[in-house]
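1. Just to be clear, the model below is a prediction. Sequence and coordinates:
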Amino acid sequence: MPDPAEADWPEPKDGEDDDDPLFDSGRDYIDQMDRYKDHQDKPITDGRRIAKRGKPGTPCWKTWIPLDPEWRVTDGDQRPDGSGQLLIENVGGAMQ
């Protein structure tokens, strides 16, 4: 049987660091959940979900359904400025 210590192993490639990784053990629970919900494209504020996506086959398919009347969520392709980024607006008063 060949000896693994004598094999000519390739050198590993350098990894790419992510400035905002999905998991970061340095985050507290709320910040970690906020990051995870953001990754899932589920807008949240103050630790609570403010909108959800309509399900396939329903009239709300591919739209945002508000869960909190103080917030409005708009897809990037529907933004007036055309930036393409998700727009989250507080329409019910000052943020706490």
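-> Received, thanks.

2. Not counting its own residues, what contacts the helix or strand containing residue 52?
-> In the assignment (DSSP states H and E), residue 52 maps to strand 51-53. Here strand 51-53 makes contact (Cβ atoms under 8 Å, 6 or more residues apart in numbering) with 41-43, 62-68, 71, 73. Heads up, the C-betas are built off the backbone N, CA and C, glycines and all.

3. Distance from the chain centre to it, please.
-> Relative to its parent chain, strand 51-53 has a centroid offset of 13 Å by Cα atoms, centre = their mean, to the nearest Å.

4. Then stretch 26-44?
-> Remark: stretch 26-44 is offset 7 Å from the chain centroid, using Cα atoms, centre = their mean.

5. Sheet partners, orientation included, of the lowest-mean-pLDDT helix or strand in the chain?
-> Every helix and strand of the chain was ranked by mean pLDDT, DSSP states H and E. The lowest is strand 44-45, at a mean of 70. Here strand 44-45 is paired, per DSSP bridges, with strand 48-49 (antiparallel).

6. just how off-centre is the partner strand within its chain?
-> Distance, centroid of strand 48-49 to centroid of chain: 13 Å (Cα atoms, centre = their mean).

7. all strands of the protein, in order?
-> 44-45, 48-49, 51-53, 64-66, 71-74, 87-90 (DSSP state E).

8. What helices and strands are in contact with the fourth one?
-> Under the contact criterion of 3 or more Cβ pairs under 8 Å, 6 or more residues apart in numbering; DSSP states H and E, strand 64-66 touches strand 51-53, strand 71-74.
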